[in-house]
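>>> have a look; sequence and predicted model below, questions after that.
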Amino acid sequence: MSFRLAGLAVVGFRVDNQRLFSGGLLVKDQRASVLLVELAKFEAFAVPVYLFTYHAYCSWMPDRQRGFVRRHEGILPPNRALSNIYKRQTVDEEVKFNAQLQRLLIDELVTSCVKQNWRLHFVATTASHVHTLVSWRSAHTWKQVRVSLKSSLSRRFNKDQGRRRWFSEGASRKRIQNKSHFDYLVSSYLPQHRGWKWQEKRGFFR
């Protein structure tokens, strides 16, 4: 993708010599470059870039003090009666990702992305969920990637920690549309999470 502004061409933006998204610079006028860099931050990605979130089993019940999420309805206020119904239907105890499990989550996500030739940018964990920021160049849909990563996590946990329900049904997704959003995630939102984290070229950190 490219566009023109005042006769100046804006072409592919590169991160670590990989064309992740469009919106870089090919200009001769240095005075215009700052403006074009800012515009590039809002140019759409050229490849799928998604933030997937997987929740620990029974970690987001309706009686949660901060409310709970229902598909297509967003965040709803706490509901103790509904929570009691959900708890009667559970097949395993609540899962909490301790430090050991958080590192296991990250290790399997790194391994799975390498095998699939997907690019893992960032992983952030807490006791209740894991965020996975990933991009890919293959023909896979976001749903295929989301399901594949979760299946890999479940298999690894069942093998290393024993068979049980480790994750809640489904997973949330958020498509990252531009560099501005991407930069916010990797520099602010994801690093704020309290558990173990992983970032490409940095590795594990807390």
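Structure's in. What do you need? Residues are numbered from 1 along each chain as shown.

>>> per-residue confidence for residue 59?
According to the predicted model, the pLDDT of residue 59 comes to 78.

>>> how many neighbours does it have?
The burial count assigned to residue 59 is 17, neighbours taken as other C-beta atoms under 10 Å. Bear in mind the C-beta positions are built from the backbone N, C-alpha and C, glycine included.

>>> just give me the neighbour total for the closest residue to it other than its chain neighbours.
The shortest distance from residue 59 to any residue other than its chain neighbours is 3.9 Å, reached at residue 128 (C-beta to C-beta, 6 or more residues apart in numbering). The local packing of residue 128 (other C-beta under 10 Å) involves 17 other residues.

>>> before we move on, what about the one 5 residues further on?
Neighbouring residues of residue 133 were enumerated by other C-beta under 10 Å; the total is 23.

>>> then residue 188?
Other residues within reach of residue 188, judged by other C-beta under 10 Å, total 9.

>>> sec struct for it, please.
The local conformation at residue 188, judged by DSSP: H, G, I helix; E, B strand; the rest coil, is helix.

>>> can you give me the pLDDT of it?
Reading off the model, residue 188 has pLDDT 97.

>>> and if you look at residue 93?
Looking at residue 93, its pLDDT reads 88.

>>> shouldn't the residue nearest to residue 59 be in contact with residue 97?
Yes. Applying C-beta atoms under 8 Å as the test, residue 128 and residue 97 come out as touching, 7.1 Å apart.

>>> mind checking the SS state of residue 122?
For residue 122, the secondary-structure state derived from three-state DSSP is strand.

>>> that one contacts residue 186, doesn't it?
Yes. Between residue 122 and residue 186 there is a contact at 5.3 Å, judged by C-beta under 8 Å.

>>> and for the two, which residues touch both?
With C-beta atoms under 8 Å, 6 or more residues apart in numbering applied, the overlap between the contact sets of residue 122 and residue 186 consists of 133, 199.

>>> between the two, which has more neighbouring residues?
Here residue 122 and residue 186 are compared on neighbour count by other C-beta under 10 Å; more neighbours surround residue 122, at 21 against 16.

>>> which strand residues bridge the more buried one?
Here residue 122 sits in beta bridges with residue 133, residue 199, going by DSSP bridges.

>>> what is the end-to-end distance of stretch 170-188?
End-to-end distance for stretch 170-188, by C-alpha to C-alpha, to the nearest Å: 26 Å.

>>> now swap in stretch 127-142 and tell me
End-to-end distance for stretch 127-142: 25 Å, by C-alpha to C-alpha.

>>> if we can go back for a sec, overlap in contacts, residue 128 and residue 97.
Where contact means C-beta under 8 Å, 6+ apart, the residues bridging residue 128 and residue 97 through contact with each are residue 56.

>>> what's near enough to touch the residue nearest to residue 59?
The neighbourhood of residue 128, defined by C-beta under 8 Å, 6+ apart, consists of 55, 56, 59, 60, 96, 97.
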